[in-house]
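Chemist: Pasting a predicted model and its sequence here:
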Amino acid sequence: MTSTPIPAPDAPEPHSGPDPALADEGLAKGPLIPPSKAASGEPMIAIDGVSKWYGAFQVLTDCTTRVSKGEVVVVCGPSGSGKSTLIKCVNALEPFQKGQISVDGTKVKDRSTNLPKLRSRVGMVFQHFELFPHLSITDNLTIAQRKVLGRSGEDAKRRGLDLLARVGLSAHAEKFPGQLSGGQQQRVAIARALAMNPVVMLFDEPTSALDPEMVGEVLDVMVELARDGMTMMVVTHEMGFARKVADRVIFMDRGEIVEDATKDDFFGQPRSPRAQQFLSKILSH
Ligand SMILES: Nc1ncnc2c1ncn2[C@@H]1O[C@H](COP(=O)(O)OP(=O)(O)OP(=O)(O)O)[C@@H](O)[C@H]1O
Ligand SMILES: [Mg+2]
């Protein structure tokens, strides 16, 4: 008796043409975000006199800055200076004891503020991609749109897949995060954040966990986003990115904003010795 052999469960499916596993079209042409009707230059993030303590340890000291609509602000500084803490305060992932932060006019520290709603308008991309490992890329892109914004499955999928195409990863829609490279996962994480139609995007060292050859593909998406007019606060030591698209650079040290300068001033003019020392170290790498 003859029987049809049963393929091993992990055998690759037969296919013709290029291997879809390798399909990565890179950043597609076209805007990543819809054109905004609001005028640029309006304050989108206002940080006023923010101080924060972990027990007796003061992690942020009287931090004040503004990020206008469409502005790209790079935050840099030595390890432990409070960069992550400051941007986590912006979308209320960390509480703070003194001062106030407003995002698009909504006060972060206010009993009447609906924090889940506020967070849905603030896209956040971390060093580690934080995709749900047990969900497909499509489900990762749609779950918050459905659960937080109440979009229909169809609408959420359309928006998610459109953004996946923009970041060049349409061929990977049905895969799981573990089947993608680090750079591809980070591009999915950016697409997922954009699917929520955020008014600002916060990035915390989005490329620092990536192999060097994948840094460029993620920065390309961020550069495009900046050029499309997204308001961005980006913790990064990628000074090439800062030079290319930042409007301002904030330098933090020991919980304080030590420098808050235009890009040209930060890179070109005399500044605090601490920032100088920091810059000379990272630029010599
Ligand atoms: N949950 C916590 N409890 C106590 N201290 C903390 C906590 N989280 C951070 N810190 C401390 O607060 C300071 C600032 O941390 P933060 O992570 O904001 O720094 P960072 O500038 O982002 O550093 P890195 O460049 O290493 O990411 C550090 O001294 C850190 O040890
Ligand atoms: Mg950090």
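Modeler: That came in fine, so what should we check first? Numbering: from 1, shown residues only. Ligands and ions are numbered 1, 2, ... in the order given.
Chemist: contacts, neighbours, all on C-alpha from now
Modeler: Will do.
Chemist: Regarding the chain, what is its longest helix?
Modeler: Longest helix of the chain, by residue count under DSSP state H: helix 212-227.
Chemist: Which other helices and strands does it contact?
Modeler: helix 182-194, helix 239-245 (3 or more C-alpha pairs under 8 Å, 6 or more residues apart in numbering; DSSP states H and E).
Chemist: Relative to ligand 1, which residue of the stretch 151-285 of the chain is the closest?
Modeler: Nearest residue of the stretch 151-285 of the chain to ligand 1: residue 255, at 6.9 Å (C-alpha to the nearest ligand atom).
Chemist: Now for residue 162: which residues touch it?
Modeler: By C-alpha atoms under 8 Å, 6 or more residues apart in numbering, no residues touch residue 162.
Chemist: re earlier: so which residues make contact with the longest helix of the chain?
Modeler: So helix 212-227 is contacted by 26-27, 31-33, 70-72, 167, 182-184, 186-187, 206-207, 232, 241, 244-245 (C-alpha under 8 Å, 6+ apart).
Chemist: could you give the angle of that helix to helix 182-194?
Modeler: Relative orientation of helix 212-227 versus helix 182-194 (axes from the mean of the first three to the mean of the last three C-alpha atoms, to 10 degrees): 20 degrees.
Chemist: Which residues in helix 212-227 does the neighbour count mark as buried?
Modeler: Using 16 or more other C-alpha atoms under 10 Å as the test for burial, helix 212-227 gives 214-215, 217-227.
Chemist: which pair in the residues you listed spans the largest distance?
Modeler: Maximum pairwise distance among the buried residues of helix 212-227 (C-alpha to C-alpha): 20.6 Å, between 214 and 227.
Chemist: Skip the chain neighbours and tell me the closest residue to residue 191.
Modeler: Spatial nearest neighbour of residue 191, chain neighbours left out: residue 163 (5.5 Å); criterion: C-alpha to C-alpha, 6 or more residues apart in numbering.
Chemist: Which residues in the one helix or strand the one you found maps to does the neighbour count mark as buried?
Modeler: According to DSSP states H and E, residue 163 maps onto helix 153-166. Within helix 153-166, the residues scored as buried using 16+ other C-alpha under 10 Å are 156-157, 159-166.
Chemist: related to what we said a few turns ago, for the residue of the stretch 151-285 of the chain closest to ligand 1, list the residues it contacts.
Modeler: Contacts of residue 255 (C-alpha under 8 Å, 6+ apart): 58-61, 63, 81-83.
Chemist: Can you classify residue 271 as helix, strand or coil?
Modeler: Assigned with DSSP: H, G, I helix; E, B strand; the rest coil, residue 271 falls in the coil class.
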